[in-house]
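K.L.:
Build the 3D model from these lines:
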Amino acid sequence: MKSASVSTEEKLIRFLEEKEEDFLTLWKEMIIIHDEDIYKEEVKKNGYQMYLLIKRSITQFVSDEEVKQLAYKVAKQRVLSNSNIGEFVYNVNLGRSSVIKYINKSGIAIDDLQPIIDKVNLHFDRYCFHAVTRYTELKDLELKEKMVFINQSHKDRLSLLGQMSSSFVHEFRNPLTSVMGFIKLLKLENPSLKYMETIEHELDQLKFRITQFLHASRLEVVDKHREEIQMEDLFSEILSFLYPSIADGDVDVKTNIDSNCKIIAVKDEVKQVLVNIILNSIDALKHLPTNRCLSITCEKNKDSIVFTITNNGPEIPEEMKETIFEPFYTTKSLGTGIGLYVCKTLIEKHNGTINCESNKELTSFIISLPTI
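P.N.:
Sure, this is the predicted structure:
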(Lines give C-alpha, C1' and ligand atoms only; values in the text may rest on other atoms or scores of the structure.)
Protein backbone atom coordinates (compact mmCIF):
# COMPACT_ATOMS: atom_id res chain seq x y z
CA MET A 1 0.00 0.00 0.00
CA LYS A 2 2.90 2.33 0.85
CA SER A 3 4.75 1.66 -2.43
CA ALA A 4 1.55 2.33 -4.41
CA SER A 5 1.15 5.68 -2.65
CA VAL A 6 4.77 6.64 -3.44
CA SER A 7 4.27 5.54 -7.02
CA THR A 8 1.18 7.72 -7.32
CA GLU A 9 3.00 10.79 -5.95
CA GLU A 10 6.05 10.25 -8.16
CA LYS A 11 3.84 9.82 -11.21
CA LEU A 12 2.01 13.07 -10.41
CA ILE A 13 5.30 14.98 -9.92
CA ARG A 14 6.60 13.79 -13.31
CA PHE A 15 3.32 14.80 -14.99
CA LEU A 16 3.35 18.28 -13.41
CA GLU A 17 6.96 18.82 -14.49
CA GLU A 18 6.07 17.85 -18.04
CA LYS A 19 3.11 20.27 -18.11
CA GLU A 20 4.71 22.95 -15.94
CA GLU A 21 5.35 25.44 -18.75
CA ASP A 22 1.77 25.03 -20.05
CA PHE A 23 -0.12 25.85 -16.84
CA LEU A 24 2.35 28.51 -15.69
CA THR A 25 1.97 30.29 -19.04
CA LEU A 26 -1.81 30.03 -18.74
CA TRP A 27 -1.70 31.44 -15.20
CA LYS A 28 0.54 34.37 -16.22
CA GLU A 29 -1.83 35.26 -19.06
CA MET A 30 -4.87 35.34 -16.78
CA ILE A 31 -3.59 37.08 -13.64
CA ILE A 32 -4.13 40.79 -12.88
CA ILE A 33 -0.93 42.86 -13.01
CA HIS A 34 -0.92 46.63 -13.44
CA ASP A 35 1.83 48.34 -15.42
CA GLU A 36 2.41 50.84 -12.61
CA ASP A 37 2.91 48.02 -10.06
CA ILE A 38 6.50 48.42 -8.84
CA TYR A 39 6.56 44.68 -8.03
CA LYS A 40 4.90 43.42 -11.22
CA GLU A 41 7.83 41.08 -12.03
CA GLU A 42 7.83 39.81 -8.45
CA VAL A 43 4.18 38.75 -8.83
CA LYS A 44 5.21 36.07 -11.33
CA LYS A 45 8.24 35.01 -9.29
CA ASN A 46 6.18 34.73 -6.12
CA GLY A 47 3.59 32.66 -7.97
CA TYR A 48 6.30 30.30 -9.14
CA GLN A 49 7.73 30.05 -5.60
CA MET A 50 4.30 29.06 -4.32
CA TYR A 51 3.99 26.45 -7.06
CA LEU A 52 7.36 24.96 -6.03
CA LEU A 53 6.16 24.74 -2.42
CA ILE A 54 2.97 22.99 -3.56
CA LYS A 55 4.87 20.54 -5.76
CA ARG A 56 7.33 19.74 -2.95
CA SER A 57 4.43 19.20 -0.51
CA ILE A 58 3.24 16.25 -2.64
CA THR A 59 6.25 14.15 -1.57
CA GLN A 60 7.68 16.07 1.40
CA PHE A 61 6.54 17.89 4.52
CA VAL A 62 6.19 21.65 4.04
CA SER A 63 5.89 23.57 7.29
CA ASP A 64 3.39 26.33 7.89
CA GLU A 65 6.35 28.62 8.65
CA GLU A 66 7.65 28.26 5.09
CA VAL A 67 4.25 29.18 3.69
CA LYS A 68 3.98 32.10 6.12
CA GLN A 69 7.43 33.42 5.18
CA LEU A 70 6.48 33.66 1.50
CA ALA A 71 3.04 35.08 2.36
CA TYR A 72 4.56 37.83 4.54
CA LYS A 73 6.98 38.78 1.78
CA VAL A 74 4.13 39.07 -0.74
CA ALA A 75 1.94 41.02 1.72
CA LYS A 76 4.69 43.62 2.21
CA GLN A 77 5.09 44.02 -1.55
CA ARG A 78 1.33 44.41 -2.04
CA VAL A 79 1.25 47.15 0.60
CA LEU A 80 4.27 48.98 -0.85
CA SER A 81 2.77 48.83 -4.34
CA ASN A 82 -0.52 50.17 -2.94
CA SER A 83 -2.42 47.38 -4.66
CA ASN A 84 -5.81 45.87 -3.97
CA ILE A 85 -5.58 42.74 -1.81
CA GLY A 86 -8.58 41.38 -3.70
CA GLU A 87 -6.43 41.18 -6.84
CA PHE A 88 -3.84 39.15 -4.96
CA VAL A 89 -6.48 36.69 -3.74
CA TYR A 90 -7.83 36.44 -7.30
CA ASN A 91 -4.35 35.64 -8.67
CA VAL A 92 -3.72 33.02 -5.98
CA ASN A 93 -7.02 31.29 -6.69
CA LEU A 94 -6.19 31.27 -10.40
CA GLY A 95 -2.96 29.49 -9.49
CA ARG A 96 -4.85 27.04 -7.31
CA SER A 97 -7.35 26.29 -10.10
CA SER A 98 -4.56 25.80 -12.65
CA VAL A 99 -2.63 23.38 -10.46
CA ILE A 100 -5.69 21.32 -9.52
CA LYS A 101 -6.91 21.32 -13.15
CA TYR A 102 -3.65 19.74 -14.30
CA ILE A 103 -3.56 17.35 -11.33
CA ASN A 104 -6.96 16.05 -12.48
CA LYS A 105 -5.57 15.62 -16.02
CA SER A 106 -2.75 13.37 -14.77
CA GLY A 107 -4.71 10.17 -15.46
CA ILE A 108 -4.41 9.07 -11.87
CA ALA A 109 -7.55 7.71 -10.22
CA ILE A 110 -9.55 10.41 -8.38
CA ASP A 111 -9.57 8.40 -5.16
CA ASP A 112 -5.76 8.43 -5.15
CA LEU A 113 -5.64 12.13 -6.03
CA GLN A 114 -8.12 13.37 -3.41
CA PRO A 115 -5.70 13.37 -0.41
CA ILE A 116 -3.16 15.26 -2.55
CA ILE A 117 -5.77 17.80 -3.71
CA ASP A 118 -6.85 18.31 -0.08
CA LYS A 119 -3.23 19.00 0.86
CA VAL A 120 -2.84 21.46 -2.05
CA ASN A 121 -5.99 23.32 -1.02
CA LEU A 122 -4.80 23.47 2.59
CA HIS A 123 -1.50 25.09 1.62
CA PHE A 124 -3.22 27.60 -0.66
CA ASP A 125 -5.72 28.45 2.11
CA ARG A 126 -2.90 29.00 4.62
CA TYR A 127 -0.99 31.09 2.09
CA CYS A 128 -4.00 33.37 1.52
CA PHE A 129 -4.77 33.58 5.22
CA HIS A 130 -1.25 34.59 6.21
CA ALA A 131 -0.88 37.05 3.32
CA VAL A 132 -4.22 38.79 3.87
CA THR A 133 -3.74 38.91 7.65
CA ARG A 134 -0.28 40.41 7.28
CA TYR A 135 -1.48 42.83 4.60
CA THR A 136 -4.22 44.05 6.96
CA GLU A 137 -1.73 44.48 9.82
CA LEU A 138 0.64 46.48 7.62
CA LYS A 139 -2.20 48.62 6.27
CA ASP A 140 -3.41 49.34 9.82
CA LEU A 141 0.13 50.30 10.81
CA GLU A 142 0.40 52.53 7.73
CA LEU A 143 -2.91 54.18 8.63
CA LYS A 144 -1.79 54.75 12.22
CA GLU A 145 1.44 56.35 11.00
CA LYS A 146 -0.56 58.62 8.69
CA MET A 147 -2.87 59.56 11.54
CA VAL A 148 0.13 60.40 13.72
CA PHE A 149 1.45 62.61 10.92
CA ILE A 150 -1.96 64.25 10.44
CA ASN A 151 -2.35 64.81 14.19
CA GLN A 152 1.14 66.28 14.38
CA SER A 153 0.39 68.57 11.46
CA HIS A 154 -2.83 69.50 13.21
CA LYS A 155 -0.91 70.33 16.40
CA ASP A 156 1.62 72.34 14.39
CA ARG A 157 -1.18 74.39 12.89
CA LEU A 158 -2.65 75.03 16.32
CA SER A 159 0.80 75.92 17.63
CA LEU A 160 1.21 78.41 14.79
CA LEU A 161 -2.26 79.78 15.54
CA GLY A 162 -1.20 80.14 19.16
CA GLN A 163 1.87 82.15 18.19
CA MET A 164 -0.20 84.33 15.86
CA SER A 165 -2.86 84.79 18.54
CA SER A 166 -0.26 85.76 21.13
CA SER A 167 1.00 88.56 18.90
CA PHE A 168 -2.58 89.44 17.94
CA VAL A 169 -3.68 89.70 21.57
CA HIS A 170 -0.74 91.82 22.71
CA GLU A 171 -1.13 94.21 19.80
CA PHE A 172 -4.90 94.44 19.92
CA ARG A 173 -6.34 93.62 23.33
CA ASN A 174 -4.69 96.37 25.38
CA PRO A 175 -5.76 99.27 23.14
CA LEU A 176 -9.20 97.67 22.80
CA THR A 177 -9.59 97.64 26.59
CA SER A 178 -8.59 101.31 26.71
CA VAL A 179 -11.08 102.22 23.98
CA MET A 180 -13.89 100.38 25.77
CA GLY A 181 -13.02 102.19 29.01
CA PHE A 182 -13.11 105.60 27.35
CA ILE A 183 -16.43 104.76 25.67
CA LYS A 184 -17.94 104.07 29.11
CA LEU A 185 -16.60 107.42 30.36
CA LEU A 186 -18.06 109.20 27.33
CA LYS A 187 -21.45 107.61 28.00
CA LEU A 188 -21.37 108.80 31.59
CA GLU A 189 -20.28 112.34 30.67
CA ASN A 190 -22.49 112.61 27.57
CA PRO A 191 -25.56 110.38 28.07
CA SER A 192 -27.32 111.88 25.05
CA LEU A 193 -24.44 111.33 22.62
CA LYS A 194 -25.62 109.42 19.53
CA TYR A 195 -24.43 105.99 18.43
CA MET A 196 -22.68 105.15 21.73
CA GLU A 197 -24.78 102.00 22.24
CA THR A 198 -23.91 100.78 18.74
CA ILE A 199 -20.19 101.48 19.21
CA GLU A 200 -20.18 99.71 22.59
CA HIS A 201 -21.98 96.70 21.12
CA GLU A 202 -19.51 96.40 18.24
CA LEU A 203 -16.58 96.62 20.65
CA ASP A 204 -18.13 93.86 22.76
CA GLN A 205 -18.43 91.74 19.62
CA LEU A 206 -14.76 92.37 18.81
CA LYS A 207 -13.75 91.40 22.33
CA PHE A 208 -15.79 88.21 21.95
CA ARG A 209 -13.93 87.27 18.73
CA ILE A 210 -10.56 87.88 20.37
CA THR A 211 -11.57 85.60 23.23
CA GLN A 212 -12.34 82.88 20.68
CA PHE A 213 -8.77 83.04 19.41
CA LEU A 214 -7.47 82.84 22.95
CA HIS A 215 -9.38 79.60 23.58
CA ALA A 216 -8.48 78.15 20.18
CA SER A 217 -4.77 78.74 20.74
CA ARG A 218 -5.00 77.38 24.29
CA LEU A 219 -3.20 80.41 25.64
CA GLU A 220 -5.52 80.63 28.62
CA VAL A 221 -4.61 77.36 30.28
CA VAL A 222 -5.29 78.51 33.86
CA ASP A 223 -8.53 77.06 35.16
CA LYS A 224 -10.80 80.01 35.88
CA HIS A 225 -13.11 80.43 38.81
CA ARG A 226 -16.30 78.38 38.60
CA GLU A 227 -19.54 79.62 40.06
CA GLU A 228 -23.19 78.71 40.32
CA ILE A 229 -25.02 79.93 37.22
CA GLN A 230 -28.77 80.43 37.00
CA MET A 231 -29.46 79.63 33.34
CA GLU A 232 -32.60 81.74 33.15
CA ASP A 233 -30.55 84.82 34.08
CA LEU A 234 -27.68 83.89 31.76
CA PHE A 235 -29.94 83.52 28.72
CA SER A 236 -31.59 86.85 29.53
CA GLU A 237 -28.15 88.45 29.59
CA ILE A 238 -27.14 86.75 26.32
CA LEU A 239 -30.28 87.76 24.43
CA SER A 240 -29.86 91.33 25.61
CA PHE A 241 -26.26 91.27 24.38
CA LEU A 242 -27.31 89.83 21.00
CA TYR A 243 -30.43 91.97 20.54
CA PRO A 244 -28.90 94.12 17.75
CA SER A 245 -27.93 90.99 15.76
CA ILE A 246 -31.37 89.42 16.34
CA ALA A 247 -33.16 92.60 15.24
CA ASP A 248 -30.86 93.07 12.23
CA GLY A 249 -31.51 89.48 11.15
CA ASP A 250 -35.29 89.81 11.64
CA VAL A 251 -35.27 86.62 13.71
CA ASP A 252 -38.22 85.49 15.82
CA VAL A 253 -36.73 84.10 19.04
CA LYS A 254 -38.71 81.85 21.36
CA THR A 255 -37.34 80.64 24.69
CA ASN A 256 -38.38 78.02 27.21
CA ILE A 257 -35.92 78.04 30.11
CA ASP A 258 -36.63 75.90 33.17
CA SER A 259 -36.13 78.10 36.24
CA ASN A 260 -34.60 75.09 38.06
CA CYS A 261 -31.69 74.88 35.62
CA LYS A 262 -28.44 75.68 37.44
CA ILE A 263 -24.85 74.64 36.76
CA ILE A 264 -21.41 75.11 38.30
CA ALA A 265 -19.16 76.48 35.55
CA VAL A 266 -16.99 79.31 34.28
CA LYS A 267 -19.67 81.81 33.34
CA ASP A 268 -17.73 83.61 30.59
CA GLU A 269 -16.89 80.30 28.88
CA VAL A 270 -20.45 78.94 28.92
CA LYS A 271 -21.69 82.33 27.75
CA GLN A 272 -19.20 82.29 24.89
CA VAL A 273 -20.42 78.87 23.73
CA LEU A 274 -24.09 79.88 23.74
CA VAL A 275 -23.43 83.25 22.10
CA ASN A 276 -21.41 81.59 19.34
CA ILE A 277 -24.06 78.99 18.53
CA ILE A 278 -26.87 81.57 18.58
CA LEU A 279 -24.86 83.86 16.28
CA ASN A 280 -24.21 80.93 13.93
CA SER A 281 -27.94 80.18 13.91
CA ILE A 282 -28.74 83.80 13.06
CA ASP A 283 -26.21 83.66 10.19
CA ALA A 284 -27.80 80.45 8.91
CA LEU A 285 -31.28 82.01 9.01
CA LYS A 286 -30.16 84.83 6.73
CA HIS A 287 -30.47 82.33 3.87
CA LEU A 288 -34.25 82.40 4.37
CA PRO A 289 -36.23 85.30 2.87
CA THR A 290 -38.85 85.25 5.65
CA ASN A 291 -40.11 83.24 8.66
CA ARG A 292 -36.75 83.11 10.42
CA CYS A 293 -37.29 81.22 13.67
CA LEU A 294 -34.91 80.47 16.53
CA SER A 295 -35.93 78.33 19.50
CA ILE A 296 -33.92 78.07 22.72
CA THR A 297 -34.84 75.55 25.41
CA CYS A 298 -33.14 74.55 28.64
CA GLU A 299 -34.39 71.65 30.71
CA LYS A 300 -33.17 69.73 33.70
CA ASN A 301 -32.77 65.97 33.51
CA LYS A 302 -31.70 63.62 36.27
CA ASP A 303 -27.94 64.29 36.06
CA SER A 304 -27.64 67.03 33.47
CA ILE A 305 -28.86 70.33 32.08
CA VAL A 306 -29.67 70.18 28.37
CA PHE A 307 -29.70 73.25 26.12
CA THR A 308 -31.24 72.94 22.67
CA ILE A 309 -30.77 75.76 20.17
CA THR A 310 -32.86 75.15 17.06
CA ASN A 311 -33.29 77.11 13.84
CA ASN A 312 -35.28 76.48 10.66
CA GLY A 313 -32.38 77.36 8.35
CA PRO A 314 -30.66 75.16 5.73
CA GLU A 315 -29.90 71.53 6.51
CA ILE A 316 -26.36 70.58 7.54
CA PRO A 317 -25.38 67.48 5.48
CA GLU A 318 -24.82 64.26 7.41
CA GLU A 319 -21.10 64.05 6.53
CA MET A 320 -20.52 67.58 7.92
CA LYS A 321 -22.10 67.11 11.34
CA GLU A 322 -18.83 66.00 12.98
CA THR A 323 -16.50 67.96 10.70
CA ILE A 324 -18.00 71.29 11.73
CA PHE A 325 -16.45 70.86 15.17
CA GLU A 326 -12.94 70.51 13.73
CA PRO A 327 -10.61 73.54 13.84
CA PHE A 328 -10.26 75.63 10.67
CA TYR A 329 -13.34 74.05 9.06
CA THR A 330 -15.78 76.68 7.83
CA THR A 331 -18.41 77.15 5.13
CA LYS A 332 -18.37 80.92 5.51
CA SER A 333 -16.38 82.96 3.01
CA LEU A 334 -14.94 85.11 5.83
CA GLY A 335 -15.07 82.51 8.59
CA THR A 336 -12.10 81.45 10.71
CA GLY A 337 -13.31 77.90 11.35
CA ILE A 338 -12.58 78.06 15.07
CA GLY A 339 -15.97 79.01 16.57
CA LEU A 340 -17.52 75.55 16.93
CA TYR A 341 -14.13 74.02 17.71
CA VAL A 342 -13.86 76.41 20.67
CA CYS A 343 -17.43 75.53 21.71
CA LYS A 344 -16.62 71.82 21.72
CA THR A 345 -13.37 72.41 23.62
CA LEU A 346 -15.05 74.49 26.32
CA ILE A 347 -18.03 72.13 26.73
CA GLU A 348 -15.73 69.10 27.06
CA LYS A 349 -13.63 71.07 29.56
CA HIS A 350 -16.82 71.24 31.66
CA ASN A 351 -17.37 67.45 31.25
CA GLY A 352 -20.25 68.02 28.85
CA THR A 353 -21.14 67.08 25.29
CA ILE A 354 -22.23 68.98 22.21
CA ASN A 355 -23.93 67.45 19.17
CA CYS A 356 -25.65 68.55 16.01
CA GLU A 357 -28.88 67.18 14.54
CA SER A 358 -30.18 68.46 11.23
CA ASN A 359 -32.85 67.74 8.63
CA LYS A 360 -34.63 69.71 5.92
CA GLU A 361 -36.92 71.39 8.45
CA LEU A 362 -34.75 72.08 11.53
CA THR A 363 -31.15 72.21 12.70
CA SER A 364 -30.44 71.77 16.41
CA PHE A 365 -27.34 72.04 18.57
CA ILE A 366 -27.77 70.03 21.76
CA ILE A 367 -25.49 70.78 24.71
CA SER A 368 -25.46 68.71 27.87
CA LEU A 369 -23.68 69.81 31.05
CA PRO A 370 -23.62 68.17 34.49
CA THR A 371 -26.19 69.57 36.89
CA ILE A 372 -25.40 70.76 40.39
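K.L.:
Going by C-alpha atoms from here, please, whenever you check contacts or count neighbours.
P.N.:
Noted.
K.L.:
Strands of this structure, start to end?
P.N.:
Using DSSP state E, the strands of the chain run over 227-230, 252-257, 262-265, 293-300, 304-311, 353-358, 363-370.
K.L.:
got those as CSV, with distance to S281, mean neighbour count and mean pLDDT columns?
P.N.:
Shown next, in CSV, are the strands of the chain (distance: least, CA to CA, whole Å; neighbours: other CA atoms under 10 Å; pLDDT from 0 to 100):
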stretch, distance to S281, mean neighbour count, mean pLDDT
strand 227-230, 23, 14, 91
strand 252-257, 11, 14, 92
strand 262-265, 24, 20, 90
strand 293-300, 7, 19, 93
strand 304-311, 6, 22, 93
strand 353-358, 12, 18, 91
strand 363-370, 9, 21, 93
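K.L.:
Ok, which of these comes nearest V275?
P.N.:
When those are compared by CA to CA, strand 304-311 sits nearest V275, at 10.7 Å.
K.L.:
partners of that closest one, with directions?
P.N.:
strand 293-300 (antiparallel), strand 363-370 (antiparallel) (DSSP bridges).
K.L.:
want to try CSV for these, with distance to P175 as columns?
P.N.:
Listed next are the strands paired with strand 304-311 as CSV, based on distance: least, CA to CA, whole Å:
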stretch, distance to P175
strand 293-300, 35
strand 363-370, 35
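K.L.:
List just the one of those strands that sits closest to E200.
P.N.:
Closest among the strands paired with strand 304-311, using CA to CA: strand 293-300, at 25.0 Å.
K.L.:
List the contacts of that closest one.
P.N.:
231, 251-258, 260-261, 281-282, 285, 305-312, 371 (CA atoms under 8 Å, 6 or more residues apart in numbering).
K.L.:
pLDDT score for D223?
P.N.:
pLDDT recorded at D223 is 58.
K.L.:
And for E29?
P.N.:
Taking E29 on its own, its pLDDT is 85.
K.L.:
Could you check how far it is from Y127?
P.N.:
22 Å (CA to CA, to the nearest Å).
K.L.:
quick revisit: I'd like the strands of the chain as a markdown table, with distance to L186 appended.
P.N.:
A markdown table is the format used below for these (distance: least, CA to CA, whole Å):
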| stretch | distance to L186 |
| --- | --- |
| strand 227-230 | 32 |
| strand 252-257 | 32 |
| strand 262-265 | 34 |
| strand 293-300 | 35 |
| strand 304-311 | 36 |
| strand 353-358 | 41 |
| strand 363-370 | 39 |
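K.L.:
and L122, which of these is closest to it?
P.N.:
Per CA to CA, nearest to L122 of those: strand 353-358, 50.7 Å.
K.L.:
What angle do strand 363-370 and the closest one make with each other?
P.N.:
160 degrees (axes from the mean of the first three to the mean of the last three CA atoms, to 10 degrees).
K.L.:
Quick one: distance of strand 353-358 to the chain centre.
P.N.:
16 Å (CA atoms, centre = their mean, to the nearest Å).
K.L.:
Show me the contact partners of that strand.
P.N.:
In contact with strand 353-358 (CA under 8 Å, 6+ apart) are residues 315-318, 321-322, 344, 347, 363-369.
K.L.:
go on, stretch 96-110?
P.N.:
So stretch 96-110 is contacted by 8, 12, 15-16, 19, 23, 26-27, 113, 117, 120-121, 124 (CA under 8 Å, 6+ apart).
K.L.:
Dump these to TSV, plus neighbour count and distance to Q272.
P.N.:
Shown next, in TSV, are the contacts of stretch 96-110 (neighbours: other CA atoms under 10 Å; distance: CA to CA, whole Å):
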residue	neighbour count	distance to Q272
T8	17	84
L12	24	81
F15	16	82
L16	19	78
K19	14	79
F23	17	73
L26	13	70
W27	21	67
L113	19	78
I117	18	72
V120	20	69
N121	17	66
F124	21	62
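K.L.:
Make JSON lines from these and add distance to L206 to it.
P.N.:
Converted to JSON lines, these look like this (distance: CA to CA, whole Å):
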{"residue": "T8", "distance to L206": "90"}
{"residue": "L12", "distance to L206": "86"}
{"residue": "F15", "distance to L206": "87"}
{"residue": "L16", "distance to L206": "83"}
{"residue": "K19", "distance to L206": "83"}
{"residue": "F23", "distance to L206": "77"}
{"residue": "L26", "distance to L206": "74"}
{"residue": "W27", "distance to L206": "71"}
{"residue": "L113", "distance to L206": "84"}
{"residue": "I117", "distance to L206": "78"}
{"residue": "V120", "distance to L206": "75"}
{"residue": "N121", "distance to L206": "72"}
{"residue": "F124", "distance to L206": "69"}
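K.L.:
ok, of the residues you listed, which one's closest to K44?
P.N.:
Nearest to K44 among these, counting by CA to CA, is W27 at 9.2 Å.
K.L.:
measure the closest residue to that closest one other than its chain neighbours to V67 for me?
P.N.:
In this structure, W27 finds its nearest non-sequential neighbour in G95, 6.2 Å apart by CA to CA, 6 or more residues apart in numbering. Note on G95: its distance to V67, by CA to CA, is 15 Å.
K.L.:
So for these two, which sits in the more crowded spot?
P.N.:
G95 (24 against 21; other CA atoms under 10 Å).
K.L.:
shouldn't that one be in contact with L26?
P.N.:
No: counting by CA atoms under 8 Å, G95 does not reach L26; the two are 9.3 Å apart.
K.L.:
follow-up on the earlier one: comparing E29 and Y127, which shows the higher neighbour count?
P.N.:
The residue with more neighbours, out of E29 and Y127, is Y127; 24 against 10, by other CA under 10 Å.
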